[in-house]
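> Following is a predicted model, sequence given first.
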Amino acid sequence: MKQTAIKAQDAFFKDFDAVKMKEYYREDYIQHNPHVPTGLAPAIGFLPVLKEAGLTYKNHRLLVDGDFIVMHNTYNNAEAFGAKEVVTFDVWRMQGGQVAEHWDAISPVIKETASGRSQFDGPTLVTDTDKTKDNKQLIANFMEDVFFGKAPEKITEYISTEQYDQHNTMVKDGLDGLNDALAYLASQNNMFDYHKVHRILGEGNFVLTQSEGRWNDKPQAFYDLFRIKDGKIVEHWDIIQEVPAEMAHDNGMF
């Protein structure tokens, strides 16, 4: 299925090929990007804009979880997506060998970050596929205890005290960096507020959560990607995107 996903991605964002789009995307393709109408026809109608802009993309991580594909991508000449360079998480639901549904979160690429790491660099190799179920459960428990505040004192049971590489642009590496960032947000009365986890998707050592909540007093989509090693979280990437009041469809962002 990974090869099919790459071909579908290339048809849209590399070849700009309407014929291939019809091969790899369902006619009733369901869209959750808030700015793009649902259906295959609007996606095909978008191809000339992307081609004229000279859009290019690079896939950094690709995970398969059942019928779901998770892609961690960067795009250049991507003004149509809000900035010249953007980083995205794209989630596809596959059906009958075609893309049936799409969710995403998009952020401009930030060159200077608190940790010195980019929003997309770091390990890419999927390992420990036999531990997928356990790692997804670890993240489910982590979200419940830490992000939803059931037992925040258990944070060191989930995040490694020896290594925690951070790709959030505002947070430094390590548990100390995370605690400093959380303390600052609390002092500003502006803490991330997670309301609901919609999906936990993963393959091996990588697990992605799709959540909704509030930040900056506005509704947000939170995408968090974790890398797990020996039963502990050792790395984190994320994208936070505001949920607009009006969308190009009625499907919502989740």
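In hand now; what should we look at? Numbering: from 1, shown residues only.
> ok, the residue nearest the centre of the chain - contacts?
With distances taken as CA atoms, centre = their mean, residue 89 lies nearest the centre of the chain, 3.1 Å away. Residue 89 sits next to 70, 71, 72, 73, 104, 105, 208, 223, 225, 239 when contact means CB atoms under 8 Å, 6 or more residues apart in numbering. (Glycine included, C-beta is placed from N, CA and C.)
> Surely it is within a helix?
No - applying DSSP: H, G, I helix; E, B strand; the rest coil, one finds residue 89 to be strand, outside a helix.
> Give the bridge partners for the residue nearest to residue 67 when sequence neighbours are not counted, please.
Distances taken as CB to CB, 6 or more residues apart in numbering place residue 94 nearest to residue 67, at 5.1 Å, with adjacent residues excluded. Using DSSP bridges, the bridge partners assigned to residue 94 are residue 99.
> Distance-wise, check residue 94 relative to residue 150.
34 Å (CB to CB, to the nearest Å).
> ok, now residue 101?
31 Å.
> In terms of neighbours, single out the busier of the two.
For the pair residue 101 and residue 150, the greater number of neighbours falls to residue 101 (19 against 11), based on other CB atoms under 10 Å.
> next one: the strand or helix carrying the more buried one to chain centre, how far?
Secondary structure from DSSP states H and E places residue 101 in strand 98-108. Distance, stretch centre to chain centre, for strand 98-108: 9 Å (CA atoms, centre = their mean, to the nearest Å).
> Tell me which other helices or strands the helix or strand following it touches.
With elements assigned by DSSP H and E, the helix or strand that comes after strand 98-108 is helix 132-142. Judged by 3 or more CB pairs under 8 Å, 6 or more residues apart in numbering; DSSP states H and E, helix 132-142 is in contact with helix 155-158, strand 193-203, strand 206-215, strand 218-229, strand 232-242.
> Which one, of those, ends up nearest to residue 174?
Closest to residue 174 of the helices and strands packed on helix 132-142, according to CB to CB: strand 232-242, at 10.8 Å.
> which residues sit against the closest one?
With CB under 8 Å, 6+ apart, strand 232-242 has contacts from 72, 87-89, 105-107, 119-120, 122-123, 138-139, 142, 158-160, 163-168, 192, 215-216, 218-228, 253.
> Let's see that with 6 Å instead.
Applying CB atoms under 6 Å, 6 or more residues apart in numbering, the contact partners of strand 232-242 are 89, 105, 107, 122, 158-160, 163, 165-168, 218, 220-227.
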